[in-house]
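> What follows is a protein structure lacking sequence information:
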Ligand code: 6LW
């Protein structure tokens, strides 16, 4: 199995679902506790993807109050059927069941959701038979936990199930069969599942049947996709979705991680989206050649104007609920100064390159706020401006360490960057994936950054933080409103 080494959508973009509509390919991913929900990308070739926005981009579609970083919106399925686009997903922090939205065009606007309350679980899929019957296939969860892959006929207009859920094929024996996608190809229905858990045992497996409801016969060549037990630089591969090209060739998008540092490594960019060709052998889809860019291009972004880039999200709130543009600067609304129990308010974007640098100039007035690189609120490096001081702080679980501090004056530039891990032999042979370096620069011109502290990047990895997401970088308001006078982000190209 030859896997690509470069993602087509880097950074935390797991659970890819892809369809073709209006002459382009469209891709949707999980977004968890961040809003807007379900980032949406467009491509002409399945390799170069441009983010066009989000599917769940307003509060009437999605409320994430109280959802943690890894709560909220899980694995969507994106389909084009009978001239409309359909997306079904789960808000695991909302009521039980699934959310179904539709649009005349994948770029939106998308409808408010129809809820499917009688389908508790995750990873819903939609497929239609020639007679218009709509099948909802999902990974059921009940009071006792995971119940396996089930299917029911759905009325997509009302969200009502028209048949009781029935169990389908449950994979080849790996734990937690999930992520079902069902496809009609010629005379066969193919059921693609993930199994083995989303960590190192992850895999995608396939079965087929003459009927959408089975019985399914497993591909003797399974697994369709896995990196388990291999030294591949891309690991935890699975949760895949197939797509047909107009010339009847097929491709597959799937998730994987890129652990770095000494074996078994730490991954810090979350689960990313990769792509491969699909070849058909004896009526079975087989993983083909890698589909990947020659290099992941460099990226730069800043908050220059009054419109947020589509990459920007906020944790637990839509960005418009916490950020507004005023007098040439963005203002992040933090918790009230007299409410010390309220958590920080975070808005930012994914760290989507291995080597990145973010800079910000903030005015916290008599409140406090900062520039932060985080996996979640408890795994972060932050430069916090508080009164006349800027403090470099590391948060690892319940531990908080002040790495260094400096005097803050108006215009002080905060800088967080990633740097290669320095292998400290006295600490033994275990090297982390990178380091996160916190520095400040004076307000008068570029100057040289003065380093206040650094943290081994393993502490900002999914292996340490847990959960389903990767690193984000952005601004945080700890007390009161924070004026973001400048913010810039850059990431190096990767070959
Ligand atoms: C998703 C499940 C999975 O719903 O992780 O890797 C869950 N697969 O299918 C969250 O992304």
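Ah, there it is. Predicted model, so just to flag it, every value in this text is computed and none were measured.
> Any regions of the protein where pLDDT drops low?
Within the chain, the segments meeting pLDDT under 70 span 340-341, 424-430, 445-446.
> What residues does this protein have near the ligand?
With C-beta under 6 Å from any ligand atom as the criterion, the chain comes near the ligand at residues 14-15, 30, 74-75, 122-123, 178-179, 194, 198, 238-239, 468. For the C-beta atoms, the positions are set from N, CA and C on the backbone; glycine is no exception.
> Next step: these restricted to strands.
74-75, 122-123, 178-179, 194, 238-239 (DSSP state E).
> Quick one: these as JSON lines, columns for neighbour count too.
Output for these, formatted as JSON lines (neighbours: other C-beta atoms under 10 Å):
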{"residue": "74", "neighbour count": "25"}
{"residue": "75", "neighbour count": "30"}
{"residue": "122", "neighbour count": "20"}
{"residue": "123", "neighbour count": "29"}
{"residue": "178", "neighbour count": "28"}
{"residue": "179", "neighbour count": "29"}
{"residue": "194", "neighbour count": "32"}
{"residue": "238", "neighbour count": "31"}
{"residue": "239", "neighbour count": "29"}
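> What is the nearest of those to residue 245?
Set against residue 245, the nearest of these by C-beta to C-beta is residue 239 (21.2 Å).
> show me the contacts for the closest one.
14-16, 75, 178-179, 194, 198, 202, 204, 254-255, 271 (C-beta atoms under 8 Å, 6 or more residues apart in numbering).
> same thing but 6 Å
By C-beta atoms under 6 Å, 6 or more residues apart in numbering, residue 239 lies in contact with 15, 179, 194, 255.
> so where do the helices sit in the chain?
Ranges of helices within the chain are 319-322, 462-465, based on DSSP state H.
> In the first one, which residues are buried?
Going by neighbour count (16 or more other C-beta atoms under 10 Å), the buried part of helix 319-322 is 319, 322.
> Output the contacting helices and strands for that helix.
strand 345-350 (3 or more C-beta pairs under 6 Å, 6 or more residues apart in numbering; DSSP states H and E).
> contacts for the strand it packs on?
Counting by C-beta under 6 Å, 6+ apart, 11-12, 311-312, 314-315, 319, 322-323, 332, 334, 472-477 sit against strand 345-350.
> Tell me, how many residues neighbour residue 339?
Neighbours of residue 339 under the rule other C-beta atoms under 10 Å: 10.
> ok, it to the ligand distance?
32 Å (C-beta to the nearest ligand atom, to the nearest Å).
> and if you look at residue 452?
35 Å.
> So what's the residue count around the residue in the stretch 151-300 of the chain that the ligand sits nearest to?
Residue of the stretch 151-300 of the chain nearest the ligand, by C-beta to the nearest ligand atom: residue 198 (3.3 Å). Around residue 198 there are 19 other residues, counting by other C-beta under 10 Å.
> The one 10 residues further on now?
Using other C-beta under 10 Å, residue 208 has 21 neighbouring residues.
> go on, residue 112?
13.
> And residue 131, by the same measure?
5.
> now swap in residue 449 and tell me
When neighbours are counted by other C-beta under 10 Å, residue 449 comes out with 18.
> How about it, nearest residue that isn't a chain neighbour?
residue 439 (3.6 Å; C-beta to C-beta, 6 or more residues apart in numbering).
> The one you found is in contact with residue 415, isn't it?
Yes. Counting by C-beta atoms under 6 Å, residue 415 is a contact partner of residue 439 at 4.5 Å.
> can you list residues touching both of these two?
In contact with both residue 439 and residue 415: residue 449, using C-beta under 6 Å, 6+ apart.
> wait, residue 334 sits on residue 476?
No. Assessed by C-beta under 6 Å, residue 334 is found out of contact with residue 476, at 8.1 Å.
> For residue 115, which residues are in contact?
Contacts of residue 115 by C-beta under 6 Å, 6+ apart are 97, 159.
> partner residues bridging it?
Beta-bridge partners for residue 115, by DSSP bridges, are residue 99.
> Residue 281 too?
Beta-bridge partners, per DSSP bridges, of residue 281: residue 284.
> Just send the helices of the chain back as TSV, with distance to residue 211 too.
Formatted as TSV, the helices of the chain follow (distance: least, C-beta to C-beta, whole Å):
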stretch	distance to residue 211
helix 319-322	45
helix 462-465	39
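> Tell me, how many residues neighbour residue 140?
Residues near residue 140, counting by other C-beta under 10 Å: 18.
> Same check on residue 323?
Count around residue 323 with other C-beta under 10 Å applied: 23.
> residues touching it, list them.
So residue 323 contacts 330, 332, 347 (C-beta under 6 Å, 6+ apart).
> same check, this time on residue 382
With C-beta under 6 Å, 6+ apart, residue 382 has these contacts: 370, 372, 393.
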